[in-house]
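**Q** For reference, the sequence and a predicted model appear below.
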Amino acid sequence: MKAVDSRECRNCHSFEGMDTDKQKLRGAKMHKIAQDEKKTCIDCHKGISHNKPKGMKDDDE
């Protein structure tokens, strides 16, 4: 997912579609940093937002 810039996540989620005024302070701050640093969703949310598929390795390959 990281190699394709979290394309699967961005089908539903995008920085442009986020209303940071409705987010908690920490989330809004981290999303702004992630956007500025061109991070992908998976950089921060790997294994957190959705459960990892069975057998998925913890490290990036």
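**A** Happy to help now that I have it.

**Q** which residue is nearest the middle of this structure?
**A** residue 41 (1.8 Å; C-alpha atoms, centre = their mean).

**Q** Could you say whether the residue of the chain lying at maximal distance from its centre sits in a helix, a strand or coil?
**A** Residue farthest from the centre of the chain, counting by C-alpha atoms, centre = their mean, is residue 55 at 20.7 Å. State at residue 55, reduced to three classes by DSSP: H, G, I helix; E, B strand; the rest coil: coil.

**Q** if I look at it, how far off is residue 38?
**A** Distance check for residue 55 against residue 38: by C-beta to C-beta, to the nearest Å, it reads 29 Å. Quick note: C-beta positions are derived from backbone N, CA and C, even for glycine.

**Q** phi, psi of residue 13?
**A** phi -120, psi 140 (degrees, to the nearest 10).

**Q** If we ignore the residues flanking it in sequence, what's nearest it?
**A** residue 41 (6.5 Å; C-beta to C-beta, 6 or more residues apart in numbering).

**Q** what does residue 18 give?
**A** residue 31 (6.0 Å).

**Q** Now do the same contact list for that neighbour.
**A** Contact partners of residue 31, counting by C-beta atoms under 8 Å, 6 or more residues apart in numbering, are 15, 18, 20, 23.

**Q** which residues touch the last one?
**A** So that's residue 23. residue 31.

**Q** what's the distance between residue 15 and residue 54?
**A** Residue 15 is 30 Å from residue 54, by C-beta to C-beta.

**Q** Who has more neighbours out of the two?
**A** More crowded of residue 15 and residue 54, by other C-beta atoms under 10 Å: residue 15, with 14 against 5.

**Q** Excluding residues flanking it in the chain, which one is nearest the more buried one?
**A** Using C-beta to C-beta, 6+ apart, the closest residue to residue 15 is residue 35 (4.5 Å).

**Q** Buried ones in whichever strand or helix holds the one you found, by neighbour count?
**A** Element membership for residue 35 (DSSP states H and E) is helix 25-36. Of all the residues in helix 25-36, those buried under the rule 16 or more other C-beta atoms under 10 Å are 31, 34.
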